[in-house]
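# Sequence and predicted structure are below.
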Amino acid sequence: MAFAPPRPSRIPKIASPRRSVTPGWLGLAFVLPSVVVFGLFLVLPVIAVAGISLLDWAGFRIGDWTFVGLDQFRQMVGDPVFWRSFTNTLLFTVVTAVVLNIVGFAYALLIASHVRGSTLAKSALFLPVLLSPVIVALMWTRQLDAFGAANQLIALFAPKAKPTLFLGDPDLALAGVIVATLWQFTGYNMLLYYAGLQNLPRDQLEAASIDGAGKGASIRHVVVPSLYPVIGTVLLLNVIGGLRVFDLVYVMTRGGPNRSTEVLATYMYEQAFKFSDMGYASAIAMVIVVLSISAAVLRIRWGSRMTEDG
Amino acid sequence: MIDRYTHPVWRVTASAFLIVSACIALAPIIWVVGLSLRSGPDVYSRSVVPKSLRPENFLDAWNQFGLGPLFLNSLVVTTVSVAVAVTASVLAAYGFARLKFRGSEVLFLVILLGLMIPPAAVIIPLFVEIRALGLYDTHIGLSLVYVAFGLPISILVLRSFFAGIQRELLEAARIDGATEIRILWRVVVPIAKAPIATVSILMFLFCWNDFFLALVLLRDQGTYTLPVGIAQFIGQYSTPYELVAAAVIIAAVPVFILYLVLHRQFQQGVAEGAVKQ
């Protein structure tokens, strides 16, 4: 396995495989640091979470557990709070994914037309993307409270109205969290679609315009079909983002009032780190894993169908 | 592109709409800036425009919430994590792209699966593992976890760039007798500044903004990073609103400044990182 540089006298064959020059262990050595960290802190936990979901365990001492099989999952099926957080997570995910995609796409089309104000709108809409969700959550908690911007705006039109506590009202709290999320991520979606628009098939667009196709027609028949892969990616990112939502809910409402904003991640956190029920919390985590992977599988299936022609 | 046949009326309407949108997007931030400068009864007034002006709120917030140490902790954790993740992923991406070995494709696919795993899904075993390793409540433990979560996207972005480098460039260096590590450092890295910048920006945003992992893996207030610190200290209802607002603005300022200086790189980096998935 000695490593020797090829002698200049040897004439290399045209398609000589590089493997003869670089031995296999060398490649392995390059990837090793990453593989070790990744294996220890991502692969191992993914396997372990499935195992822990079968245990009754407070998490204090390793080995100090009882094997309970699928009991936690049975408990989950009969747990109304789990179902509340499950439906809230799905509702949050679907609403944010749909709205963000549509609004993001519309803004991308607008700024791609390069009218005056496009650069300003692009930069302004993108700015919240960079903020920590904690900052966004604290900002919106203030906007939505009794003395916040939302109530000030209402007071402009209805000075006599009593202030609405958006985050204190079980019917409005989830909507409040969703609004904060939409505010933060519209620019993200806009930017992704904008990037996708830069790679459009120019010739097809020109052909459409020469054929006298209207703006709506060329968007429907040329722009949207060639953006299918981008739509898939953006949808997947939004869905995965929605399924893992934690920060905004935790900081804005702690899942309240009365569980009305409880999502899977906050409920799992409460079970694990407040009630020390690692087994049950892991069972909830498994639901997050399964949902995320299903979304990815759907995306890969959908993506391979949509991109066959290009 | 699609602006070819657009009516002037449409262009004016679109412009107006975009400018209004920009204002709406910035309004919450501006409102919080306004709140951060209010004092006394003006904090609770129903007027949208502040009537008082008290910049000292920022000093008070800085001292009261101990923002100095929080900034320092965030800076240390982020710098270490970005440096380690970028170094490790440059090496790994070069290995996967240019030094293929038996099983390297499979290994790469396994790492890509990491893109699909949300932190919430694995936080319990991570917590147990970090504690068992004696890394609970340490910046090293948190950084290692950040690196693990940052590797998949970093390796993906860098690998696709490295795979596109002309073979002749590397062969020339090999014939000169350069070792692979030297080729990577002297030939590849200098032409890969753009993807390395992308990867660094994505990693910076991830570490600087993370709340969930830091919340679970840190316990002591002295080790808190900025998001955990402000969320924990400010969550209490007794904190004066105007100081909360001031703290939030202070916490956001570094990212604002970076964005002002590097807005093109940030927009490009975030878009590229996402589209690659």
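Nice, I can see it. Numbers count the residues shown, from 1 in each chain, chains lettered A, B, ... in the order given.

# isn't A:Gly69 right next to A:Ser53, touching?
No - A:Gly69 is not in contact with A:Ser53 according to Cβ atoms under 8 Å; the separation is 10.1 Å. Every residue, glycine included, has its C-beta placed from N, CA and C.

# more crowded one of the two?
More neighbours surround A:Ser53 than the other of A:Gly69 and A:Ser53, with 25 against 9 (other Cβ atoms under 10 Å in any protein chain shown).

# Nearest residue to the middle of chain B?
By Cα atoms, centre = their mean, the mean C-alpha position of chain B lies nearest to B:Leu205, the distance being 0.4 Å.

# Also chain A?
The residue lying closest to the centre of chain A (Cα atoms, centre = their mean) is A:Gly241, at 1.9 Å.

# Dihedrals phi and psi, that residue?
Main-chain dihedrals, A:Gly241, degrees, to the nearest 10: phi -60, psi -40.

# wouldn't it be in contact with A:Phe185 here?
Yes - at 7.3 Å, A:Gly241 counts as touching A:Phe185 under the criterion of Cβ under 8 Å.

# Spit out the residues that contact these two alike.
Shared contacts of A:Gly241 and A:Phe185, defined by Cβ atoms under 8 Å, 6 or more residues apart in numbering or on different chains, are found at A:Thr96.

# quick one, strands of chain B?
Along chain B, counting by DSSP state E, no stretch forms strands.

# Could you point out the longest helix of it?
Under DSSP state H, the helix in chain B containing the largest number of residues is helix B:241-275.

# list the buried ones in that helix?
Neighbour counts over helix B:241-275 (16 or more other Cβ atoms under 10 Å in any protein chain shown) mark B:241-252, B:255, B:258-259, B:263, B:265-275 as buried.

# before we move on, what about stretch A:135-155?
Buried residues in stretch A:135-155, counted by 16+ other Cβ under 10 Å: A:135-145, A:147-152, A:155.

# So what touches it?
For stretch A:135-155, using Cβ under 8 Å, 6+ apart, the contacting residues are A:128, A:161, A:163-167, A:176, A:179-180, A:183-184, A:247-248, A:250-252, B:27-29, B:31-32, B:35, B:43-48, B:227, B:230-231, B:234, B:241, B:244-245, B:248, B:251-252.

# Please indicate which of those residues are buried?
Applying 16+ other Cβ under 10 Å to the contacts of stretch A:135-155, the neighbour count classes A:128, A:164-167, A:176, A:179-180, A:183-184, A:247-248, A:250-252, B:27-29, B:31-32, B:35, B:43, B:45, B:227, B:230-231, B:234, B:241, B:244-245, B:248, B:251-252 as buried.

# one step back: OK, contacts around the residue nearest to the centre of chain A?
A:Gly241 makes contacts with A:Thr96, A:Phe185, as judged by Cβ under 8 Å, 6+ apart.

# mind redoing it with 10 Å?
By Cβ atoms under 10 Å, 6 or more residues apart in numbering or on different chains, the contact list for A:Gly241 reads A:Phe92, A:Thr93, A:Thr96, A:Ala97, A:Leu100, A:Thr181, A:Phe185, A:Tyr188, B:Pro118.

# before we move on, what about A:Leu182?
Going by Cβ under 10 Å, 6+ apart, A:Leu182 touches A:Val95, A:Thr96, A:Val99, A:Leu100, A:Val103, A:Gly104, A:Pro128, A:Asn189.

# Swap in 6 Å and give it another go.
By Cβ atoms under 6 Å, 6 or more residues apart in numbering or on different chains, the contact list for A:Leu182 reads A:Val99.

# neighbours around A:Thr266, how many?
A:Thr266 is flanked by 25 other residues according to other Cβ under 10 Å.

# where's it, which helix or strand?
helix A:264-273 (DSSP states H and E).

# tell me the mean pLDDT for that helix?
Helix A:264-273 carries an average pLDDT of 94.

# Against which helices or strands is that helix packed?
Where contact means 3 or more Cβ pairs under 6 Å, 6 or more residues apart in numbering or on different chains; DSSP states H and E, helix A:264-273 is packed against helix A:80-112, helix A:278-306.

# mind checking which of those is nearest A:Val31?
Minimum separation from A:Val31 across the helices and strands packed on helix A:264-273 (Cβ to Cβ) falls at helix A:278-306, 23.0 Å.

# Could you pull out the buried residues of the closest one?
Neighbour-count burial for helix A:278-306 flags A:278-289, A:291-292, A:295-296, A:299, A:302-303, A:306 (criterion: 16+ other Cβ under 10 Å).

# Now narrow those to whatever sits close to chain B.
Applying Cβ under 6 Å from any Cβ of the partner chain to the buried residues of helix A:278-306, one finds that A:Met278, A:Ala281, A:Ser282, A:Ala285, A:Ile288, A:Val289, A:Ser292, A:Ala296 fall near chain B.

# Closest one to A:Val230 out of these, please.
Taking Cβ to Cβ as the measure, A:Val230 sits nearest to A:Ala296 out of these, at 16.3 Å.

# you'd agree the closest one is up against B:Met116?
Yes - counting by Cβ atoms under 6 Å, A:Ala296 touches B:Met116, with 4.6 Å between them.

# list residues touching both of the two?
With Cβ under 6 Å, 6+ apart as the test, A:Ala296 and B:Met116 reach no residue in common.

# could you pull out the helices for the stretch 151-300 of chain A?
Taking DSSP state H, counting those that start in this stretch, the helices of the stretch 151-300 of chain A run over residues A:173-197, A:202-210, A:215-218, A:224-226, A:228-243, A:247-252, A:264-273, A:278-306.

# Compile these into JSON lines and extend it with columns for distance to A:Ala48.
Listed next are those as JSON lines, based on distance: least, Cβ to Cβ, whole Å:
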{"stretch": "helix A:173-197", "distance to A:Ala48": "30"}
{"stretch": "helix A:202-210", "distance to A:Ala48": "50"}
{"stretch": "helix A:215-218", "distance to A:Ala48": "52"}
{"stretch": "helix A:224-226", "distance to A:Ala48": "43"}
{"stretch": "helix A:228-243", "distance to A:Ala48": "20"}
{"stretch": "helix A:247-252", "distance to A:Ala48": "24"}
{"stretch": "helix A:264-273", "distance to A:Ala48": "13"}
{"stretch": "helix A:278-306", "distance to A:Ala48": "8"}
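
# returning to what we had before: need the helices and strands packed on helix A:264-273 in TSV (columns: mean pLDDT).
Shown next, in TSV, are these (pLDDT from 0 to 100):
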stretch	mean pLDDT
helix A:80-112	94
helix A:278-306	84
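
# what would these look like in JSON lines with distance to A:Leu44?
Below are the helices and strands packed on helix A:264-273 laid out as JSON lines (distance: least, Cβ to Cβ, whole Å):
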{"stretch": "helix A:80-112", "distance to A:Leu44": "26"}
{"stretch": "helix A:278-306", "distance to A:Leu44": "14"}
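
# Which one, of the ones you listed, ends up nearest to A:Phe41?
Nearest to A:Phe41 among the helices and strands packed on helix A:264-273 is helix A:278-306; the distance by Cβ to Cβ comes to 15.5 Å.

# What is that closest one packed up against?
Judged by 3+ Cβ pairs under 6 Å, 6+ apart, helix A:278-306 is in contact with helix A:44-52, helix A:71-77, helix A:228-243, helix A:264-273, helix B:119-132.

# Can you list the low-confidence ranges for the stretch 51-200 of chain B?
Scanning the stretch 51-200 of chain B for pLDDT under 70 picks out no residues.

# That one against chain A: which residues are in contact?
B:88, B:91-92, B:94-95, B:99, B:101-102, B:111, B:114, B:116, B:118, B:120-122, B:124-126, B:144-145, B:147-148, B:151, B:177.

# out of those residues, which are inside helices?
Per DSSP H, the subset of these in helices is B:88, B:91-92, B:94-95, B:111, B:120-122, B:124-126, B:144-145, B:147-148, B:151.

# Residue 232 - how many residues pack around it?
Chain wasn't specified; assuming chain A. Counted with other Cβ under 10 Å, the neighbours of A:Gly232 add up to 20.

# looking at chain B here, not the other one
Applying other Cβ under 10 Å, I find that B:Gln232 has 15 neighbouring residues.

# Please tell me how far it sits from chain A.
Per Cβ to the nearest Cβ, to the nearest Å, B:Gln232 is found 10 Å from chain A.
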